[in-house]
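> Below: sequence and its predicted model.
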Amino acid sequence: MRIRGWAALIALLAALPPVAAPSHGMSESDESASRAAIDRLLSDYTGLYAADTLDRWSRLLHPALSVAYSDASGAVRVLDRDQFLRRQRDHFASGRRISERLENVRVETGRRIARVTADFVFVSDGEERRGALGLHLVKDGDDWTIVAILFSYDGP
C-alpha cells in the first residue's frame, strides 16, 4: 500500500519520536535564550532564502540533512543535503524571483532538540503555492542546525 500526499507527510511526522515538553531542567533564561536562537534560525531560514545569500542559508543545514517530500504523483522522495542544495541553486539560476514565508509557526523544544511545524507559502515570480513544513533541529554547541526537513504542497 502506497501512502500519498498529506497522508505521507502525516505518516512521516507520526513516525518521528515525540519531543519532550519544555520542562526539562533548563532555567527560564536559558529556555528564553534557546527560543530566541530558534526564532533567529527561522528568520534566517526565510530571510536568507535568496540567490545572493544561498551560501549563508545553506549553513543552517546540517551536513547529514535529510529532506523528505511528497511529489506530484504522491510518491515520497528523499534528498540529502547536496541534492537539496543543488535543486535550490538550479531554481534560483532560472532567474525567477523566489521567496518563502512561514505562517502558523509552532515550536516544541526538548533537550537540545526542537520540532518546528508551519504552513509555508512558496512564491515564484509572484505565483504562490501553499503547503506544510516540518523542521527538526538539534542544538550544536551554542547554535541550532536543521537536521531534517519535511514538506508537502497543498493540492497538485
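Happy to help now that I have it.

> drop to CA atoms for contacts and neighbour counts, all remaining ones
Fine.

> lowest average confidence, helix or strand, in this protein?
Lowest mean confidence among the helices and strands of the chain (mean pLDDT, DSSP states H and E): helix 5-15, at a mean of 49.

> Other residues contacting whatever helix or strand comes next after it?
The helix or strand immediately downstream of helix 5-15 is helix 28-47, counting by DSSP states H and E. Residues from elsewhere that reach helix 28-47, judged by CA atoms under 8 Å, 6 or more residues apart in numbering: 22, 57, 60, 99-102, 143-144.

> Run the chain-centre distance for helix 28-47.
On the basis of CA atoms, centre = their mean, to the nearest Å, helix 28-47 sits 14 Å off its chain's mean C-alpha point.

> what comes up buried for that helix?
By 16 or more other CA atoms under 10 Å, the buried positions in helix 28-47 come out as 31, 34-35, 37-38, 41-42, 45.

> which one among these gets closest to residue 95?
Sorting those by how near they are to residue 95, with CA to CA, puts residue 45 at the top with 20.2 Å.

> where do the strands sit along this structure?
According to DSSP state E, the chain carries its strands in the segments 61-70, 76-80, 98-109, 113-124, 127-140, 143-153.

> Which among these is found nearest to residue 89?
Using CA to CA, the nearest of these to residue 89 is strand 98-109, at 11.2 Å.

> Kindly export the closest one (C-alpha atoms) in CSV.
Only the C-alpha atoms of strand 98-109 are listed here, as CSV (Å, rounded to 0.1, in the frame of the first residue of the first chain):
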residue,chain,number,x,y,z
ILE,A,98,11.7,33.3,-5.4
SER,A,99,10.9,33.6,-1.7
GLU,A,100,9.2,31.7,1.1
ARG,A,101,7.3,32.8,4.2
LEU,A,102,6.1,30.8,7.1
GLU,A,103,2.7,31.1,8.8
ASN,A,104,1.2,29.5,11.9
VAL,A,105,4.6,28.6,13.2
ARG,A,106,4.7,26.2,16.1
VAL,A,107,7.8,25.3,18.0
GLU,A,108,8.2,22.4,20.5
THR,A,109,11.5,22.2,22.4
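
> packing partners for it?
Judged by 3 or more CA pairs under 8 Å, 6 or more residues apart in numbering; DSSP states H and E, the packing partners of strand 98-109 are helix 28-47, strand 113-124.

> swap the cut-off to 7 Å and go again
strand 113-124 (3 or more CA pairs under 7 Å, 6 or more residues apart in numbering; DSSP states H and E).
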